[in-house]
Each structure stands twice: as C-alpha cells, then as structure tokens.
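1. Let's see this in three dimensions:
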Amino acid sequence: MDCGACSYRQPDPLRSTVEVLITALPFVSLWVLLAVAVLNGHWWALLLTVPAAGFLVRLFVLQHDCGHGALFGQRRVNDWTGRVIGIFTLTPYDYWRRTHAVHHATTGNLDKRGIGDVDTLTVREYRALSSWGRLGYRLYRHPVVMFGLGPAWLFICQYRLPLGLMRAGIEPWTSTIVTTIGAAIPVGLLMWLMGPVAFLAVQLPITLMAATAGVWLFYIQHQFEETHWSEGRSWDFQNAALHGSSHYDLPLPLRWITGNIGIHHVHHLAAKVPFYRLPEVLRDYPELRDTGRITFLESLRCVRFVLWDERTKRLVSFRQARLSMIS
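-> Got it, this is the predicted structure:
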C-alpha cells in the first residue's frame, strides 16, 4: 500500500475544527469546574483531574497532527493552531515540530539516534560503558525516572530551551521563549486570582498525569520487543515505519482520548493522514492490523526491554543481555 499517495491524506476542515472544539472546550470546562470546586473547599473534585489530563493528552495529539500538516489543508492554519495548543501543553510548537521531523526521518536508524527518541543503547555499547555509565543508563531506563521524573522534567523544564537545536537559528529560540511567556502570563494571573496553592492543586496533577501518559505513549510506540532497528545502507524508511513502530491496540475509549496515536505504524508510513482517518486505513488494509500489534496488557511488559541486541535483532532486558554474555 502506498499510503503516501492515497486519498486518506485529505483532511476535512469541518471535522478537524469540530475535533479541536470537542477537545479544547471540555478541557477548559473541566479546569474551570475544578478551580471553582477547590476554591469552595470541595477537594474531592480533584478526581476530575484524571479526565482533564486525558483531554490535555488529546490536545497534544491535535498539536502533533498540526506539526505534520495533517489536521488542516493550509500550513498557516496548522501552524497557528499548533502554537496556541502549545500554550496549554507547554510544548513549543515550532521547536517540537522540527525535532519530531528528525525523529520521523531517522526512526529505527542506529546511526542516527539522539533527537526526538528514547535513548537506546545496543548490548555491545552498554557492555563497553564504565560502571558509572551503566549505572546512569540503568537509572535513565528505570520506570520511576522514565515515567515519573522524566515527563515532569521534559514538559516543565526541558522544553523551556531548544535543546538539540541551540544553533539552528532563531526559530527554535523564538518558539520556546514565546511559548514559555504565553503560558507564564495566564499562570501568573490565575495564581494571583486563585492563590498559588489552589492553582497548583488543580494544574499540577493535570500536567503531570498528561505528561506521563504522553511519554508512555511515545515509549510504547517504538520500544517493544520485536521493533526494528538497522544501520547504514540497510536502513529503509518503509520497513522502519511499518516494523519499527507499533500498533498499540487500545480499548475504544482510550483510542478516542489518544487520538488513534496507537495506530503508529500507519502514521509513520504516512504522517499526513489525519488522526481521525487512521482507522479507515486499518479497515481497508486489514493486513496492517496485526503488524506490530500490542495490547494494553502486553505493553506493560515492554518496560523491561531496554537494550537492542544486534545478534537476535530485538530489544532485550538487562537480564537477557547478561545471560547472553555468559552463554
């Protein structure tokens, strides 16, 4: 299937506008309801931070589609929609768009790791590290760091500077600075109106939950046992897209809230297909349904796959790497 040249890439501007509205309005409504409840002492309402975080994740998926030029037909509409959403997601749109384009162009290429990826070492590279180097990689890969400290650092701190593109011109700097200022103004105003404790009680859990969910989704899209990595001239874009990206087959409600981002192998093959048309591709090309398919329960065990074994051509755990060295 040559998805890059097919009709699925055509967005429906009305549908895209509706998708933005049915995501942004519930998020804002939940946030306001939470703020009013907390200010009136109804702390039980903080349970609503969970669906609010879900809608924030969906906003990020919409921003992601804008970055690929997939949500609307005009680049300017995509870009300004993505920039506005970036204030809510704390993600500088233009900077992120450039790093994410590098990720798409180099996914599964062992020779071009580093930008927009989860850092992944080969077994040989890990064995060549010093004791301190191995400890550092183990800490980086520990679930508490990867899905706890890491997401908070990424969205709250790291995205305040254009790391990786520090010398790539003014655009990444403008993107990070303007997004930070754009978020700081309403944050400062709301903290003044609500008080810092009430504001943080509402915003912090939403941000942290959404950040963790976002990092988890990105992780599982490429960090699964039978993913694909290759190097040099053996790397092929289509092969890397289809076999280096997963089909994260989630329950229907989670598919909706994550904007079908689990159909990631198709997305990598044809990034300009709007998120709401990805299920159409699976419907019309059923052979893609089982390609890289991972269920939610199966995805939980993927956390232990941390090293690429060049001998078996799959991700392995630290224990498996140690046992292979002994054998």
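2. all strands of this structure, in order?
-> For the chain, the strands defined by DSSP state E cover 121-122, 247-249, 293-295, 307-309, 314-316.
3. what's the second one packed up against?
-> In this case it means strand 247-249. For strand 247-249, the packing partners by 3 or more CB pairs under 8 Å, 6 or more residues apart in numbering; DSSP states H and E come out as helix 196-222, helix 264-269, strand 293-295, helix 296-300. Quick note: C-beta positions are derived from backbone N, CA and C, even for glycine.
4. cool, and the third one?
-> Contact analysis of strand 293-295 by 3+ CB pairs under 8 Å, 6+ apart lists strand 247-249 as its packing neighbours.
5. now the shortest one
-> Other helices and strands packing on strand 121-122, by 3+ CB pairs under 8 Å, 6+ apart, are strand 307-309.
6. The strand it packs on pairs with which strands, parallel or anti?
-> Using DSSP bridges, the strands paired with strand 307-309 in its sheet are strand 121-122 (parallel), strand 314-316 (antiparallel).
7. Tell me which of the helices and strands packed on strand 247-249 sits most buried.
-> helix 264-269 (a mean of 24; mean count of other CB atoms under 10 Å).
8. what's the burial count for Met37?
-> Actually, residue 37 is Ala rather than Met. Using other CB atoms under 10 Å, Ala37 has 17 other residues around it.
9. ok, the nearest residue to it once chain neighbours are set aside - how many residues close by?
-> Nearest non-adjacent residue to Ala37, counting by CB to CB, 6 or more residues apart in numbering: Ala45, 3.4 Å away. Neighbourhood size, Ala45 [other CB under 10 Å]: 17.
10. mind checking how far Ala45 is from Met191?
-> Remark: distance between Ala45 and Met191 (CB to CB, to the nearest Å) = 19 Å.
11. what do you get for Val215?
-> Using CB to CB, we find Val215 at a distance of 26 Å from Met191.
12. same question, Thr258
-> Distance of Thr258 to Met191, given as CB to CB: 30 Å.
13. out of those two, which sits in the more crowded spot?
-> Thr258 (21 against 15).
14. Just the helices from the stretch 51-200 of the chain, written as ranges.
-> Taking DSSP state H, counting those that start in this stretch, the helices of the stretch 51-200 of the chain run over residues 75-89, 93-106, 123-128, 131-141, 143-144, 150-152, 170-194, 196-222.
15. Give me the packing partners of the shortest one, helices and strands only.
-> Judged by 3+ CB pairs under 8 Å, 6+ apart, helix 143-144 has no packing partners among the helices and strands.
16. List the contacts of the most centrally placed residue in the chain.
-> What sits nearest the mean C-alpha location of the chain, by CA atoms, centre = their mean, is Phe218, with 4.1 Å. Taking CB atoms under 8 Å, 6 or more residues apart in numbering as the criterion, Phe218 is in contact with Val118.
17. so how far is the lowest-mean-pLDDT helix or strand in the chain off the chain centroid?
-> Lowest by mean pLDDT, DSSP states H and E among the helices and strands of the chain is helix 318-326, with a mean of 80. Distance, stretch centre to chain centre, for helix 318-326: 30 Å (CA atoms, centre = their mean, to the nearest Å).
18. follow-up on the earlier one: okay, the strands of the chain, which one's buried deepest?
-> Highest mean neighbour count among those (mean count of other CB under 10 Å): strand 247-249, with a mean of 23.
19. Figure out how far that one is from the centre of its chain.
-> Centroid separation for strand 247-249 versus its chain: 14 Å, with CA atoms, centre = their mean.
20. and of the helices and strands packed on strand 247-249, who's closest to Ala152?
-> helix 196-222 (5.8 Å; CB to CB).
21. Just the pLDDT at the residue nearest to Ala37, thanks.
-> Ala45 is assigned 91 on the pLDDT scale.
22. out of the helices of the stretch 51-200 of the chain, nearest to Ala240?
-> With CB to CB, the closest approach to Ala240 among the helices of the stretch 51-200 of the chain belongs to helix 93-106: 8.6 Å.
23. Buried by neighbour count: which residues of that closest one qualify?
-> With burial defined by 16 or more other CB atoms under 10 Å, the residues of helix 93-106 counted as buried are 93-100, 102-104, 106.
24. Give the other helices and strands that it contacts.
-> Counting by 3+ CB pairs under 8 Å, 6+ apart, the packing neighbours recorded for helix 93-106 are helix 49-67, helix 75-89, helix 170-194.
25. No further questions, thank you.
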